[in-house]
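Visitor: no letters, just coordinates:
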């Protein structure tokens, strides 16, 4: 699953990310969505560098950000570079492995998951 | 301890590359206290051994194995049976807050032994670990230091935070467990974040920590 | 609705619990029951027990903790449920206790909040708490609650000019308050210079989730707190006639988007604002009437943002009020006299109840060296998830 999507309500056209069960438009009660690929040009709203990562992440730190695409959809993801990160900068949303291990009950299994990694535009 | 260094004793002692002195430094703690990081003197070794002895029976957070091994290492230092071993303490108003030790294998390679925190909650362990790495790289001019950990806390703190190089083919002398290595490149990359201290150390702080004593109560 | 109030409080010393989990929960419960004079066995008058906790099942490995407690305290066949609302489990448990009595179904309810997160390592605890985040949109990335606090703090800094030093000022205040609270996890003062001086700040106060530093976030604590709720109209009959009665004047609670990126205004805490408005309306009071407040400060930025969203200060000026000392013990609007989550500690499920215990002590005049003179009305805000489920409680002796 190495493509990320926006979910478009088939009734009112509102775009969503991530997947919702019911359309988030207060005036709409739609429950069906169309998948549209989501990637590319976006703007960084805020970012952080986190040193204390959860179980399974064996790196000293990770950068994260919230971005907004031109179509208004906002997503959260990892930032794939370290230098000169600034709120407001333009980025390119790519898809990559964002988690290698998953915790299932008391076991940790290797099962890579894909998500947004934002690179310099 | 008056040992006559006769021919036999001479055969039993390790050779030395010559240890340089470590310049003491002051690390301000968040409580407003000042911690002095300095080398211990030969005569202070028995006090340190006495301080950690009760922890040899404390299994929590692996204090028992770490305390037992430090005890043996200090005893080895005291009886001249370990090559080029150093030992630093962090002390606040004379009270021992933490102990770190290690030794030189040769001019270029260091072997890190242990880090023990007695005053928890003030990042003492993290700072003393950085101080001993500072000694290996910035004072003794070595190329790399071999490191292992007995507890998960230690492992994650150092292996992850310093991005240590994994070198399982090198058996560390602490039980032959897989070795991790802090190279000069990694030290230079991380030291700005990790290593602090004010030098020269303030006179009053040096004075206050001239005579060490063990904490009245150690709670882990 | 019937008047409901608190006649007994209990609170363990937060930190690393020496007791097994159930014993810790019962220690707080019995302290509250003894405080009120409530008996066990065939003299029991408690109809219902609620235990608020996030991790009793997964972390402490005891599911149905409320059922276990009712049995070991010998107060069967009292009704019992375990309540989960993340870090707001405590206030939610109190809210449900209130509803049980106000509805007429119960007359006396024991509410306990508890958490034993120190049973697992920091990394496992961080991961468990992160399960509150959206599984695909957030958790998958390795995001954590501190990560969101960092993202939120940067938004506040960019929008309102808040500085890292302002967070440190709040932290120092909370640590000073906790030195006067025997139940607090950390009872050691912190000197502002030592956590802000650029020469050594990386050693004393390292960055954890940029721009948040170590002293901007709360510790991991075990602990339990309890309150005994009773209907005012049954108070004497049940044997609490001579006990001080602190009334629950208002409760409000509200939800916001699960995915933080989808908040309408990501630098706002809408659920805090709505829940506080609801509580004020029910209590018939406003922000100016609040004499003392416990605002959920798992991250020091939250104390500042919440102080604005509950109407104490204008939006974007909370950090200025903190700089001027207005929120200190001797200030015009004392916040977190207990030491807050920062220094008193944050056993997740216990926090909501712990905040109410502190308000009860203040309103009864039993807060010792941290007493706010003449405190009559107090507000507690308990923040669930990263602000997507917030419960506000107003107590009064007026």
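Guide: Received the coordinates, thanks. All values derive from a computational prediction rather than experimental measurement.
Visitor: any idea which element residue C:30 lies in?
Guide: Using DSSP states H and E, residue C:30 sits within helix C:21-36.
Visitor: list the buried ones in that helix?
Guide: Across helix C:21-36, burial judged by 16 or more other C-beta atoms under 10 Å in any protein chain shown covers C:21-22, C:24-33, C:35-36. Using the backbone N, CA and C atoms, a C-beta is placed for each residue, glycine as well.
Visitor: where in chain A is the helix or strand with the lowest mean pLDDT?
Guide: When the helices and strands of chain A are scored by mean pLDDT, DSSP states H and E, strand A:107-120 comes last with a mean of 90.
Visitor: check which helices and strands the one helix or strand in chain B whose mean pLDDT sits lowest sits against.
Guide: Lowest on mean pLDDT, DSSP H and E among the helices and strands of chain B sits helix B:152-155, with a mean of 73. Counting contacts by 3 or more C-beta pairs under 8 Å, 6 or more residues apart in numbering or on different chains; DSSP states H and E, helix B:152-155 is packed against no other helix or strand.
Visitor: the next helix-or-strand element following it close to chain A?
Guide: For helix B:152-155, the following helix or strand on the C-terminal side (DSSP H and E) is helix B:161. Yes - Helix B:161 comes into contact with chain A (C-beta under 8 Å from any C-beta of the partner chain), by way of residue B:161.
Visitor: tell me what the helix or strand following helix B:161 is packed against?
Guide: Sequence order places strand B:165-171 as the next helix or strand after helix B:161, per DSSP H and E. Packing partners of strand B:165-171 (3+ C-beta pairs under 8 Å, 6+ apart): strand B:178-183.
Visitor: tell me which residue of the stretch 51-200 of chain C lies closest to chain A.
Guide: Relative to chain A, the nearest point of the stretch 51-200 of chain C is residue C:150 (3.2 Å; C-beta to the nearest C-beta).
Visitor: against chain C, how distant is residue B:52?
Guide: Using C-beta to the nearest C-beta, to the nearest Å, residue B:52 is found at 21 Å from chain C.
Visitor: run through who's touching the helix or strand harbouring that residue.
Guide: If you go by DSSP H and E, residue B:52 is part of helix B:45-52. With contact meaning C-beta atoms under 8 Å, 6 or more residues apart in numbering or on different chains, helix B:45-52 is reached by B:40, B:67, B:70-71, B:74-75, B:77-78, B:87, B:89, B:96, B:99, B:116, B:118, B:212-215, B:218.
Visitor: what packs against whichever helix or strand comes after that helix?
Guide: Sequence order places helix B:63-78 as the next helix or strand after helix B:45-52, per DSSP H and E. Other elements packing on helix B:63-78 under the criterion 3+ C-beta pairs under 8 Å, 6+ apart are helix B:45-52, strand B:85-92, strand B:95-104, strand B:109-117.
Visitor: could the ones you listed be laid out in a markdown table, adding mean pLDDT and mean neighbour count?
Guide: Output for the helices and strands packed on helix B:63-78, formatted as a markdown table (pLDDT from 0 to 100; neighbours: other C-beta atoms under 10 Å in any protein chain shown):
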| stretch | mean pLDDT | mean neighbour count |
| --- | --- | --- |
| helix B:45-52 | 96 | 18 |
| strand B:85-92 | 96 | 24 |
| strand B:95-104 | 96 | 24 |
| strand B:109-117 | 93 | 23 |
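Visitor: what mean pLDDT does the helix holding residue C:30 have?
Guide: The average pLDDT within helix C:21-36 is 98.
Visitor: name the helices or strands packed onto that helix?
Guide: strand C:4-11, helix C:65-72, strand C:108-116, strand C:222-231.
Visitor: among those, which is the most enclosed?
Guide: By mean neighbour count, with neighbours taken as mean count of other C-beta atoms under 10 Å in any protein chain shown, strand C:108-116 ranks first of the helices and strands packed on helix C:21-36 at a mean of 31.
Visitor: point out the residues in chain B that sit beside chain A.
Guide: Counting by C-beta under 8 Å from any C-beta, the residues of chain B close to chain A are B:159-163.
Visitor: please redo it, this time with the cut-off set to 6 Å
Guide: Residues of chain B lying near chain A by C-beta under 6 Å from any C-beta of the partner chain: B:160-161, B:163.
Visitor: any stretches of chain A with poor pLDDT?
Guide: A:1 (pLDDT under 70).
Visitor: in it, which spans are strands?
Guide: Ranges of strands in chain A, per DSSP state E, are A:5-9, A:15-16, A:33-37, A:40-50, A:62-69, A:74-79, A:90-104, A:107-120.
Visitor: so what are the sheet partners of the fifth one and their directions?
Guide: Here the strand partners of strand A:62-69, with direction, are listed using DSSP bridges: strand A:40-50 (antiparallel), strand A:74-79 (antiparallel).
Visitor: do the first one as well
Guide: Counting by DSSP bridges, the strands paired with strand A:5-9 are strand A:15-16 (antiparallel), strand A:33-37 (antiparallel).
Visitor: what's near enough to touch the residue nearest the centre of chain B?
Guide: Geometric centre of chain B, nearest residue: residue B:100, 1.8 Å, by C-alpha atoms, centre = their mean. Residues near residue B:100 by C-beta atoms under 6 Å, 6 or more residues apart in numbering or on different chains: B:88, B:115, B:128, B:132.
Visitor: mind redoing it with 8 Å?
Guide: By C-beta under 8 Å, 6+ apart, the contact list for residue B:100 reads B:87-88, B:113-116, B:128-129, B:131-132.
Visitor: measure it to chain C for me?
Guide: The gap separating residue B:100 from chain C is 15 Å, by C-beta to the nearest C-beta.
Visitor: could you do residue A:20 as well?
Guide: For residue A:20, the distance to chain C (C-beta to the nearest C-beta) stands at 9 Å.
Visitor: show me what contacts that residue?
Guide: So residue A:20 contacts A:7, A:33 (C-beta under 8 Å, 6+ apart).
Visitor: how far out from the middle of the chain is the helix holding residue C:30?
Guide: 18 Å (C-alpha atoms, centre = their mean, to the nearest Å).
Visitor: now do it and strand C:222-231, the angle between them.
Guide: 40 degrees (axes from the mean of the first three to the mean of the last three C-alpha atoms, to 10 degrees).
Visitor: so what touches helix C:21-36?
Guide: So helix C:21-36 is in contact with C:7-12, C:17, C:19, C:38-40, C:46, C:51, C:56, C:60, C:62, C:65, C:68-69, C:72-73, C:110, C:112, C:114, C:116, C:119, C:222-228, C:230, C:240, C:243, C:350, going by C-beta under 8 Å, 6+ apart.
Visitor: right, and the helix or strand after that helix?
Guide: Next along the chain after helix C:21-36, taking DSSP H and E as the criterion, comes strand C:48-52.
Visitor: near chain B, which residues of the stretch 201-350 of chain C?
Guide: C:202-206, C:215.
Visitor: great, nothing more from me.
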